[in-house]
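Chemist: 3D model of this:
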Amino acid sequence: MPSKDKFMRYKELILVILILIDMVAIIYISFYPVGSNLADFVNNFDLILCILLFTEFLYNLRREEDKWAFIRENWPDIMAFLPITFFRAFRFVRILRLLKVFALFRKYLKGLFNFLLETHVDQAIGILLFAILCGTLFFYITENGVNPYIKSLTDSLWSTITTTMSGAVVIHPVTLYGKAITSTLIFVGITFLGFLTASLASWFVKSPESEKEFHDKIETIEKRLDELRKEIRELKELIEKKK
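Modeler: I've put the predicted structure just below:
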């Protein structure tokens, strides 16, 4: 059922995004001092995500015939759907929070990598990072000493990232080369966003039926190979008997 498979793809993507946000938030509140309002917001967000993950775990468990085997294979996921408020009772809170982050990372790491490889977004991310690195260095070389807002590589990096990812020029270039670099970064950012949008669309529209047909053909070929091996063995036995 294509509609069901498409729904599953949407569900996986939404969960991956929520998990990434939760991971960043947990790491941030674990190592940086934050106010009670932000901490409560992160705790509530994590609790909602844990409920979703727990529901998904129960759904997958119900579909499995060998439930104990499923639990043995996926027991680290239990750490993933434990809320971070649960760890307050323990002494090593930060370590337990990091263990939860690793559990979350493990849960959808394979699916995320498969998505990146299937859609070639990994190559686009590589090009984007390379453009940001080169843009930071060249923008600093051309604007340092001329632009009063560029005093360090950090300023140049901040300008490069915001220009590439949002298309907004935070620090306006002064030199001609700086303007050319800024224009190039805006173009790279727009191209990356367009490629990412097209990749997501193709990933959702991708027909699962074609994948099923491919796997069915492989199974048919394997069965045929088994039959050929059996026939070869029978022929060998006949030849040996005649000898």
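Chemist: make it CA atoms for all contacts and neighbour counts henceforth
Modeler: OK.
Chemist: centre of the chain to stretch 63-78, how far?
Modeler: 23 Å (CA atoms, centre = their mean, to the nearest Å).
Chemist: what mean pLDDT does it have?
Modeler: The predicted model gives stretch 63-78 an average pLDDT of 78.
Chemist: what do you get for stretch 10-29?
Modeler: The predicted model assigns stretch 10-29 a mean pLDDT of 78.
Chemist: buried residues in that stretch?
Modeler: Burial within stretch 10-29, assessed by neighbour count using 16 or more other CA atoms under 10 Å, is assigned to Leu13, Leu15, Val16, Ile19, Asp22, Met23, Ala25, Ile26, Ile29.
Chemist: same question, stretch 45-64
Modeler: Judged by neighbour count using 16+ other CA under 10 Å, the buried positions of stretch 45-64 are Phe45, Asp46, Leu47, Leu49, Cys50, Leu53, Phe54, Phe57, Leu61.
Chemist: other residues contacting that stretch?
Modeler: Contact partners of stretch 45-64, identified using CA atoms under 8 Å, 6 or more residues apart in numbering, comprise Leu18, Ile19, Asp22, Lys67, Phe70, Ile71, Ala80, Phe81, Leu82, Pro83, Ile84.
Chemist: which element is the fifth one on?
Modeler: Okay, so that is Phe70. Phe70 belongs to helix 67-73 when assigned by DSSP states H and E.
Chemist: packing partners of that helix?
Modeler: Contacts defined by 3 or more CA pairs under 8 Å, 6 or more residues apart in numbering; DSSP states H and E place helix 67-73 against helix 36-63.
Chemist: can you give me how far the helix it packs on is from the chain middle?
Modeler: 18 Å.
Chemist: show me where the protein has helices.
Modeler: Assigned by DSSP state H, the helices in the chain fall at 2-31, 36-63, 67-73, 76-80, 93-119, 121-143, 153-166, 176-205, 208-242.
Chemist: what's the most distant pair in the buried residues of stretch 45-64?
Modeler: Spanning the widest gap among the buried residues of stretch 45-64 are Phe45 and Leu61, at 24.3 Å by CA to CA.
Chemist: returning to that earlier point: per-stretch mean pLDDT over the helices of the chain, give me the minimum one.
Modeler: Among the helices of the chain, helix 93-119 scores lowest, at a mean of 64.
Chemist: quick one: contacts for Thr164?
Modeler: Contacts of Thr164 were listed using CA under 8 Å, 6+ apart, and they are Ile132, Leu185, Ile186, Phe187, Val188, Gly189, Ile190.
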